[in-house]
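Engineer: Here's a sequence, model it:
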Amino acid sequence: MINITKNEEVVLNQIKIFNIEYPEGIPVDVLRNDLGFHEYDLIQILDELQDKELIIFKDNKASLSESEKEINTVDSKKDVEELELNMKEKESYKLIQELVDDKNLISKYTLEGHLLYGDLKLTNFRMYHIILSLQNKGLLKLINKDDGEYYLLVN
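Structural biologist: Here you go, the predicted structure:
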């Protein structure tokens, strides 16, 4: 599921409307005039929609991407970030469940490596935020052993 803001939804819906009329891509000026957004804001929104693979934006023209994705609209970018963090947190927790040994332990560095360089490809900040959040919720606990630091997955 893709999370977008209300402004991103407005722009996306307008692109869907104009898509038939402009098969080569909708010029930014057409969108800007119709929507009344400042050009800088519109470009930012178009870049965000492209990053989310909902549109193709190049040469100052926007067109719909071929992918059909489920979209969830929220009020603000902060809400989008919170939802995505919650989704990443759940995905991270599932990954940790797969990685722990029979004693529910995983090396701190192994876990961090999987979160940073594995399928989730988290940033350093997001990875530490997720680990801290899981610790605060009592799902993960840092343990010091003779051979290094480990995380214990609490059931």
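Engineer: center of the protein, which residue is that?
Structural biologist: With distances taken as Cα atoms, centre = their mean, the residue of the chain nearest its centroid is residue 84 (5.0 Å).
Engineer: what about the host helix or strand of that one, distance to the chain center?
Structural biologist: In this structure, residue 84 is located in helix 77-99 according to DSSP states H and E. Remark: helix 77-99 is offset 9 Å from the chain centroid, using Cα atoms, centre = their mean, to the nearest Å.
Engineer: next helix or strand past it?
Structural biologist: Next along the chain from helix 77-99, counting by DSSP H and E, comes strand 105-107.
Engineer: what mean pLDDT would you report for that next one?
Structural biologist: Mean per-residue pLDDT for strand 105-107: 93.
Engineer: So in that sheet, which strands flank that strand, and in what orientation?
Structural biologist: strand 148-153 (antiparallel) (DSSP bridges).
Engineer: before we move on, the earlier item: if you skip the residues just before and after it, what's nearest to the residue nearest to the centre of the chain?
Structural biologist: residue 3 (6.0 Å; Cβ to Cβ, 6 or more residues apart in numbering). C-beta here means a position set from N, CA and C on the backbone, and glycine is covered the same way.
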